[in-house]
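In: Structure for the following, please:
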Amino acid sequence: MRPWSTATERALRSLLNEWDPIGVADEVDDEYDCMLAPLLGRLHGGADRAEVDAFLRHELEDHFGITPALQRTDAVAGRVLDWWASARPSPGTTPQAR
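Out: The predicted model follows:
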């Protein structure tokens, strides 16, 4: 079982869609879903800002084929970590899927 809920996935999807590095979130709301599980796994494992930034940069370059330099990955990593700090479950709990 995943250590996060579908509500958590929806919230992270919303953050990624707000960022929308390839400019398609208005037409395709699940374009960045390929990043949800890997990113949530990293967050659940205690990833820091540098690790989240590196993941985002890698995905932009290797998966989406765009240069990450202009996509503010460090700022997005900070937003993701701030969100995670307020959204993550308490240690030792596993939220139920909603």
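
In: Sketch out the low-pLDDT regions of the chain for me.
Out: 1-4, 88-98 (pLDDT under 70).

In: And the helices in it?
Out: 6-19, 36-44, 49-58, 73-87 (DSSP state H).

In: how far off helix 49-58 does the shortest one point, in degrees?
Out: When axes from the mean of the first three to the mean of the last three C-alpha atoms, to 10 degrees is applied, the directions of helix 36-44 and helix 49-58 differ by 170 degrees.

In: Equivalent analysis for the longest one, please.
Out: Using the same axes, to 10 degrees, the interaxial angle of helix 73-87 with respect to helix 49-58 works out to 120 degrees.

In: Serialize the helices of the chain to TSV and add fields for mean neighbour count.
Out: Where you see a C-beta, it was placed from the backbone N, CA and C, and this is true even at glycine. What follows is the helices of the chain, written out as TSV (neighbours: other C-beta atoms under 10 Å):
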stretch	mean neighbour count
helix 6-19	16
helix 36-44	17
helix 49-58	17
helix 73-87	16
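
In: who wins for proximity to E27 among the ones you listed?
Out: Nearest to E27 among the helices of the chain is helix 6-19; the distance by C-beta to C-beta comes to 10.9 Å.

In: Counting by contacts, list what that closest one packs against.
Out: helix 36-44, helix 73-87 (3 or more C-beta pairs under 8 Å, 6 or more residues apart in numbering; DSSP states H and E).
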